[in-house]
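Visitor: model this:
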Amino acid sequence: MTKTALVVGASGIVGGATAQLLVEHGWAVHGLARRPTDLAGVQPVAADLQDAAATAEALRNINPDAVFITTWLRQDSEAENIRVNSAMVRNLLDGLPKPQRPRHVALVTGLKHYLGPFEAYGKGTLPQTPFREEQERLDVENFYYAQEDEVFVAAARDGFTWSVHRPHTVIGLAVGNAMNMGTTLAVYATLCRQTGRPFTFPGSAAQWSGLTDMTDASQLAHHLLWATETEAAHDEAFNVVNGDIFRWQWMWARIADWFGIEAAPFDGTIRPLEQQMAGDVALWREIATHEGLAEPELSRLASPWHTDADLGRPIEVVTDMSKSRRLGFTGYQPTADAFFALFKRLRTNRLIP
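Guide: Residues are numbered from 1 along each chain as shown. Okay, the predicted model is just below:
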């Protein structure tokens with residue numbers, strides 16, 4: 001029997017990669033988004049998860065074997081993040097037909113589970129690195145915790161299994177995504193090349209010289225499918241990263257080299273991309289027109305605020321993945337290769353020149 005999946009947030013970086021992988025593995029895939037995009041082999045489902053009645057109507061004929069929740073909506077405060085994003089998970093799980101056979105629900109969150117929400121990001125007393133899944137929740141309000149709790153309540157009520165997946169910063173392709181470091185850096189490098197500006201690392205000395213890791217969207221998609229199909233991984237939370245570690249002082253030079261520019265020396269000063277790129281809207285539109293690019297709106301490609309949050313952290317951030325390894329997940333993706341593969345796709349899709 002063909003298995004059926006519902007990918008929530010299918011137009012995003014993680015959702016798109018997950019839907020593609022499931023199609024390749026022979027699943028019948030429904031891709032839910034507020035404004036679904038065309039994905040090969042994916043049945044689009046249009047729904048606003050903030051509307052409980054409309055969500056239930058959109059889902060009434062879908063009875064999936066697995067549900068992959070890869071979406072969230074950024075709000076102006078953490079209280080609003082909690083209210084909106086927990087309601088979205090609740091409306092989704094309440095709106096699905098009750099399981100008539102085994103069902104698995106996989107929720108994607110991230111390292112803000114350990115670092116705290118945007119309002120308290122990287123501040124206060126944080127757990128020791130490398131982050132491990134058994135570390136307790138921080139004593140702060142956090143919409144990731146609220147999302148998890150909605151899944152736990154629904155699982156106890158409806159009898160499905162679950163998994164929680166905590167990637168580090170995700171590298172992948174999606175236009176209009178709110179958290180998109182790879183494309184942001186590609187756009188920034190392009191602007192530096194076109195204007196002769198220095199390609200300056202925007203973050204902190206701790207990130208420049210400390211160890212870190214990242215998560216490729218394809219690696220995360222494989223991890224989601226593995227947890228769904230592995231009984232020992234059910235009802236567990238997992239970190240998921242590429243498997244290598246690096247320092248930004250090493251990676252920055254390699255990204256610069258890919259774009260044919262020089263990496264500027266780093267003097268320890270934080271120079272946020274949100275400031276560096278503040279006046280580049282019209283310039284990017286000019287570049288897009290001249291080069292025949294597919295997306296002239298800078299805001300749909302770059303999310304400087306999110307890249308600044310990651311690269312400006314005052315602490316070293318490394319993630320332990322031993323829990324997955326012990327249970328048999330062997331996926332590995334060199335992070336530099338993930339960046340270069342993304343840059344190549346962006347160029348092929350005429351998103352950068």
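Visitor: from now on I want contacts and neighbour counts done on CA atoms only, so please keep to that.
Guide: Fine.
Visitor: show me where this structure has its strands.
Guide: In the chain, the segments counted as strands under DSSP state E are 4-8, 28-33, 42-46, 66-69, 104-108, 161-167, 170-171, 211-212, 215-216, 236-240, 246-247.
Visitor: could the ones you listed go into a markdown table alongside mean neighbour count, distance to N177 and mean pLDDT?
Guide: Rendered in a markdown table, the data for these read as follows (neighbours: other CA atoms under 10 Å; distance: least, CA to CA, whole Å; pLDDT from 0 to 100):
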| stretch | mean neighbour count | distance to N177 | mean pLDDT |
| --- | --- | --- | --- |
| strand 4-8 | 26 | 14 | 98 |
| strand 28-33 | 24 | 12 | 97 |
| strand 42-46 | 19 | 17 | 96 |
| strand 66-69 | 24 | 15 | 98 |
| strand 104-108 | 24 | 15 | 98 |
| strand 161-167 | 24 | 16 | 98 |
| strand 170-171 | 24 | 11 | 96 |
| strand 211-212 | 18 | 23 | 96 |
| strand 215-216 | 26 | 15 | 98 |
| strand 236-240 | 23 | 20 | 98 |
| strand 246-247 | 17 | 25 | 98 |
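Visitor: who's in contact with stretch 191-203?
Guide: Applying CA atoms under 8 Å, 6 or more residues apart in numbering, the contact partners of stretch 191-203 are 188-189, 208, 252, 256, 259-266, 269-273, 284, 308, 311-313.
Visitor: hmm, I typed the wrong one, I wanted stretch 118-132.
Guide: Stretch 118-132 has contacts (CA under 8 Å, 6+ apart) with 77-78, 112, 114-116, 135, 138, 239, 313-321.
Visitor: what about it, average pLDDT?
Guide: The predicted model gives stretch 118-132 an average pLDDT of 78.
Visitor: start and end of that stretch, how far apart?
Guide: With CA to CA, to the nearest Å as the measure, the first residue of stretch 118-132 is 20 Å from its last.
Visitor: for Q249, see how far away A263 is.
Guide: Here the criterion is CA to CA. By it, A263 lies 9 Å from Q249.
Visitor: cool, and N91?
Guide: Using CA to CA, N91 is found at 44 Å from Q249.
Visitor: higher neighbour count, those two?
Guide: Regarding N91 and Q249, a neighbour count based on other CA atoms under 10 Å identifies N91 as having more, with 21 against 18.
Visitor: that one: what's its closest spatial neighbour, skipping adjacent residues?
Guide: Leaving aside its chain neighbours, N91 sits nearest to A52 (5.0 Å; criterion: CA to CA, 6 or more residues apart in numbering).
Visitor: E24 - how many residues pack around it?
Guide: The burial count assigned to E24 is 11, neighbours taken as other CA under 10 Å.
Visitor: in contact with it, which residues are there?
Guide: For E24, no residue counts as a contact, taking CA under 8 Å, 6+ apart as the criterion.
Visitor: burial count for E57?
Guide: For E57, the neighbour count with other CA under 10 Å is 12.
Visitor: tell me the pLDDT of the nearest residue to it once chain neighbours are set aside.
Guide: With CA to CA, 6+ apart as the criterion, E57 has its nearest non-adjacent residue at 7.6 Å, and that residue is G95. Looking at G95, its pLDDT is 97.
Visitor: wait, V241 touches S218, no?
Guide: No: the pair V241 / S218 is not scored as a contact, 10.7 Å apart, by CA atoms under 8 Å.
Visitor: okay, the two: which has more neighbours?
Guide: Taking V241 and S218 together and counting by other CA under 10 Å, V241 has the greater number of neighbours (29 against 23).
Visitor: how about the more buried one, nearest residue that isn't a chain neighbour?
Guide: T215 (4.4 Å).
Visitor: so that neighbour sits against P167, correct?
Guide: Yes: between T215 and P167 a contact is recorded at 5.9 Å, counting by CA under 8 Å.
Visitor: between those two, which contacts overlap?
Guide: Common neighbours of T215 and P167 (CA under 8 Å, 6+ apart) are V240, V241.
Visitor: check contacts around the residue nearest to T289 when sequence neighbours are not counted.
Guide: In space, and not counting its chain neighbours, T289 is closest to P296: 7.2 Å by CA to CA, 6+ apart. Applying CA under 8 Å, 6+ apart, one finds that P296 lies in contact with W284, R285, E286, A288, T289.
Visitor: per-residue confidence at P296?
Guide: 97.
Visitor: state the distance from it to F343.
Guide: Remark: distance between P296 and F343 (CA to CA) = 17 Å.
Visitor: how about R166?
Guide: For R166 relative to F343 (CA to CA), the value is 24 Å.
Visitor: can you check Y332 too?
Guide: Taking CA to CA as the criterion, Y332 is separated from F343 by 19 Å.
Visitor: who has more neighbours out of these two?
Guide: In this view Y332 and F343 are compared by other CA under 10 Å, and F343 has more residues nearby, 24 against 13.
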